[in-house]
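**Q** okay, predicted coordinates and the sequence, questions at the end:
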Amino acid sequence: MSSQTNLSENDEKIINLLKQDSRRSLTEISAIIGLSRQTIQSRIQRLTDKQTIKRFTIEVDEKLTTKDDKVAFFIKIKNNACEKLYSSIKNWPELLYCYSLTGHIDMLVVIKAVSNDETERLRNKLYRHPSVVSVHTQGILKTWRE
């Protein structure tokens, strides 16, 4: 059962660091956040016990985390190669949705990124794909219905 309380700022930082690299050491997390190794270990154990951290691939109770941003990439593709692009991104852990579209934009890819740097890294990765002509990025402010 998940906790129904909000996470502390330090818990949010721990979760975001583990999302970036779930194998990150306690010592490294401790150095980045500025808390003792024992405190970090205790907080991670508490987050695990409460099932906020559900497993270390890392799956988090999304209702309690607010730092992830959803971003939409509007992509123009060469030679109607949507399936080819999708096959190369379908296993991205950040991928939420992927749609083929009609009109002047061929695909809509929606991701969840933990930082602007992560968004930029994924945008550049998409842009370097040989089938991609252009990528237009838009942040998603609010989801009205899923």
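**A** Good, I have the coordinates.
**Q** so which strand or helix has the spatially closest residue to residue 129 that is not a sequence neighbour?
**A** Closest residue in space to residue 129, ignoring its immediate chain neighbours: residue 85 at 5.8 Å, by C-beta to C-beta, 6 or more residues apart in numbering. No exception for glycine: its C-beta is placed from N, CA and C like everyone else's. Using DSSP states H and E, residue 85 sits in helix 82-89.
**Q** could you pull out the buried residues of that helix?
**A** Neighbour counts using 16 or more other C-beta atoms under 10 Å place 82, 85, 89 of helix 82-89 among the buried residues.
**Q** need phi/psi at residue 48.
**A** Backbone torsions of residue 48, given as degrees, to the nearest 10, read phi -70, psi -40.
**Q** tally of neighbours for it?
**A** Per other C-beta atoms under 10 Å, the neighbour tally for residue 48 reads 13.
**Q** list the contacts of residue 85.
**A** Listed by C-beta atoms under 8 Å, 6 or more residues apart in numbering, the contact partners of residue 85 are 75, 77, 107, 126, 129, 131, 132.
**Q** noted, bye for now.
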